[in-house]
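> make a model of this:
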Amino acid sequence: LIKVVESERRSQHTTGATKSHPTRSLSNWNKTRIQIKPTSKINKMGKFYDSLHAAYIASLATKLDARDSYEGAVTEHLRMSGVYWSIAAISIIRTEDQVDDLMGLTKAISPETEGEVSVSRPAIIDWVFSCYDENVGGFGGNIGHDAHLLYTLSAIQILAMANKLDDPRLDKAKIGQYIASLQQSDGSFAGDMWGEIDTRFSYCALSALSILGLLKRRCNDGTSKAEDELIDIDGAAAYVASCRNFDGGFGCVPGAESHAGQIFCCVGALSIAGALDLLDSDLLCWWLCERQCDSGGLNGRPEKQADVCYSWWILSALKILGRVSWISRDKLADFIVKCQDDDDGGIADRPGDMADVFHTFFGIAGLSLLGFLSPNKLEISCSDSTNASAISNQYRTIDPVYALPSDIVERFSLKSQVITS
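Numbers count the residues shown, from 1 in each chain. All right, here's what the predicted structure looks like:
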């Protein structure tokens, strides 16, 4: 029990949770304060385990597909999003051709031997299309699963990274109609046919339609529908704005608690809709920057522990609104670096925990948004150290709105509204 308590105390100290101090007299407290010295600026904050992360991501499919994989079983329903996180993560640190070779994005992976069985893996895009429900017009989280907006966006993002938005199997019109059918009279979106409403789905709808080139706004008079308009963009933006709270943040529905994950979705949705004027940017960004803990990491709500995933949810919103400078970039980057697994690769939610692909993607994306994926900021650790500089020079940046490599966003001329500081 003592060991558990001591471990918990260390965890709280590491992750920035509130900790108690012994009672001190005022004179002793003042002496302690006088002894504090300003921290010198850190030029290099540690290693970024490039090769380990690439190997970790590339090995996930084999591990999750194993018949005795517990992780594979419990994540079966969200495999589409898992594939998106994997491809997006490795796409930041590898070129398109390298991603295809490592992951089998557009071509089948060479046969592997699993026990006595030779297994050939189909191309990822072929698997993506096998998750498409042609009767409904959306993608499910796995083969045979119901269509849902979350997985429809993930599928479209994967196809965009594979440069396969022109694949004849992609019925854009049918998908557009499916997404439009989920918009409600108040401008909100249901996630699927069962009717759950959430601001996450507003972002998914706007992002997916934009990537497909199907996001058309009403005519100049503001009331008449454009001939090819699928959804009410202004209504969608108004619904998102109705979810704004007194603290400037956003929840999943009107009146729900502000949460950093929902805030990204709402800010991203308004950015794509060209409606950032509906925000109180200063108040919102003040709430966001208050999420930085003493560990340097960010939490999603007040009184919560820091978590690597908020390096994306919060940073992306701050980036869109031009206020990344409101937090300590060095301390956040140091927190992310400490969450790496320096044995097997991958990034965990916080130091000492087990890595997973979700936090690996958002950790790498966070370092990208911070501008820290550079030998000038971190030591790039590769299997061949002589290639570290060359490898880091090919790193791609991440777009804060679409959560895709910036070159992909530019290729498809995806539009969004961003405030530059």
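> who's in contact with the residue nearest to Ala333 when sequence neighbours are not counted?
Nearest residue to Ala333, sequence neighbours excluded (CB to CB, 6 or more residues apart in numbering): Phe372, at 4.5 Å. All C-beta spots, glycine's among them, are computed from the backbone N, C-alpha and C. If you count contacts by CB atoms under 8 Å, 6 or more residues apart in numbering, Phe372 has them with 45, 48, 329, 333, 378.
> any low-confidence regions in the stretch 101-250 of the chain?
111-119, 218-227 (pLDDT under 70).
> so Ser110, which state does it fall into?
strand (DSSP: H, G, I helix; E, B strand; the rest coil).
> in space, what's closest to it - neighbours in sequence excluded?
Ser120 (7.3 Å).
> mind checking how far the one you found is from Asp126?
For Ser120, the distance to Asp126 equals 12 Å [CB to CB, to the nearest Å].
> now, the most widely separated pair of the contacts of Phe372?
Every pair in the contacts of Phe372 was compared (CB to CB); the two farthest apart turn out to be Phe48 and Arg329, at 15.1 Å.
> tell me who's in contact with the residue positioned nearest the centre of the chain.
The central residue of the chain, meaning the one whose C-alpha is nearest the mean C-alpha position (CA atoms, centre = their mean), is Phe362 at 5.0 Å. Phe362 makes contact with 308-309, 311-313, 347, according to CB under 8 Å, 6+ apart.
> part of a helix, is it?
Yes. Checked against three-state DSSP, Phe362 lies within a helix.
> skip the chain neighbours and tell me the closest residue to it.
Spatially, and ignoring its direct neighbours in sequence, Phe362 is nearest to Trp312 (3.9 Å; CB to CB, 6+ apart).
> same for the helix or strand containing the one you found, what does it pack against?
In the assignment (DSSP states H and E), Trp312 maps to helix 310-320. Applying 3 or more CB pairs under 8 Å, 6 or more residues apart in numbering; DSSP states H and E, we find helix 310-320 packed against helix 260-273, helix 281-289, helix 329-338, helix 357-370.
> tell me what angle the third one forms with helix 357-370.
This points to helix 329-338. Relative orientation of helix 329-338 and helix 357-370, computed by axes from the mean of the first three to the mean of the last three CA atoms, to 10 degrees: 150 degrees.
> ok, residues contacting helix 329-338?
14, 41-42, 45-48, 292, 295-298, 306, 308, 311, 315, 347, 351, 363, 366-367, 370-372, 377-378.
> picking up where we left off before, what's the spacing between the residue nearest to the centre of the chain and Tyr402?
Phe362 is 15 Å from Tyr402, by CB to CB.
> tally of neighbours for Asn142?
By the criterion of other CB atoms under 10 Å, Asn142 has 18 neighbours.
> pretty sure it contacts Tyr132?
No. Counting by CB atoms under 8 Å, Asn142 sits too far from Tyr132 to count as a contact (11.6 Å).
> dump the contacts of Phe362 to TSV, plus distance to Lys107, neighbour count and pLDDT.
Below are the contacts of Phe362 laid out as TSV (distance: CB to CB, whole Å; neighbours: other CB atoms under 10 Å; pLDDT from 0 to 100):
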residue	distance to Lys107	neighbour count	pLDDT
Val308	32	31	98
Cys309	31	21	98
Ser311	32	28	95
Trp312	29	25	97
Trp313	33	24	97
Ile347	28	30	98
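> can you redo the residues you listed as a markdown table with distance to Gly187?
Formatted as a markdown table, the contacts of Phe362 follow (distance: CB to CB, whole Å):
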| residue | distance to Gly187 |
| --- | --- |
| Val308 | 33 |
| Cys309 | 28 |
| Ser311 | 30 |
| Trp312 | 26 |
| Trp313 | 23 |
| Ile347 | 36 |
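> and which of these is nearest to Lys164?
Closest to Lys164 out of these is Trp312 (24.7 Å), distances taken as CB to CB.
> list the contacts of the closest one.
Per CB under 8 Å, 6+ apart, neighbours of Trp312: 264, 361-362, 365-366, 369, 403.
> widest-spaced pair of the residues you listed?
The span of the contacts of Trp312, defined through CB to CB, is set by Phe264 and Phe361 at 13.7 Å.
> point out where the stretch 301-421 of the chain drops to low pLDDT.
Applying pLDDT under 70 to the stretch 301-421 of the chain picks out residues 384-386, 421.
> near Asp282, how many other residues are there?
Asp282 has 12 neighbouring residues, counting by other CB under 10 Å.
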